[in-house]
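A.B. asks: Give me coordinates for this.
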Amino acid sequence: MDRITLSGVTAVGHHGVFDFERREGQPFVVDAVLHLDFAKAAESDDVRDTAHYGEVAERIRDWITGEPLNLIEALAVRIADDLLGRFSIRAVDITVHKPQAPIEVPFGDVAVSVHRERP
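C.D. replies: Below you'll find the model as predicted:
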């Protein structure tokens, strides 16, 4: 299976379980791996025959900046399901990073990942 990898889509969102997270917002970073077959796109050399990664990035940004959710797990699943429904892809891996999560000990990043496939 061929892949398109889109790393580091970043926007400010208001997701979290604490009031201050929803009020103040914070950066979220999303990585996406789209699994698809490049055969048709390679033959036609036409962006319409692949998953347009600019449009994918816009959808991810819209989810990050959209309606607040409590959990980044919920955000990851919603992004994955949306991309599967909008683009001609067979499967998708989504990782949502929350680098400024309110954790009381030093840490580098917190992230969740999901994998979804077409039935």
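A.B. asks: okay, now Arg22: neighbour count?
C.D. replies: 15 (other Cβ atoms under 10 Å). For the C-beta atoms, the positions are set from N, CA and C on the backbone; glycine is no exception.
A.B. asks: three-state assignment of it?
C.D. replies: Per DSSP: H, G, I helix; E, B strand; the rest coil, the secondary structure class of Arg22 is helix.
A.B. asks: I'd say it and Gly16 touch.
C.D. replies: Yes: the criterion here is Cβ atoms under 8 Å, and Arg22 meets it with Gly16 at 6.1 Å.
A.B. asks: List the residues that are in contact with both of these two.
C.D. replies: Overlap of the contact sets of Arg22 and Gly16 (by Cβ atoms under 8 Å, 6 or more residues apart in numbering) consists of Pro68.
A.B. asks: Find me the pLDDT at the most far-flung residue of the chain relative to its centre, would you?
C.D. replies: Computed with Cα atoms, centre = their mean, the residue of the chain farthest from its C-alpha average is Glu43, at 28.2 Å. In this model, Glu43 is scored at 98, pLDDT.
A.B. asks: Skipping its backbone neighbours, what lies nearest it in space?
C.D. replies: If the residues on either side of it in the chain are set aside, Glu43 comes closest to Asp49, at 7.9 Å by Cβ to Cβ, 6 or more residues apart in numbering.
A.B. asks: since we're on the one you found, how many residues are nearby?
C.D. replies: Asp49 has 16 neighbouring residues, counting by other Cβ under 10 Å.
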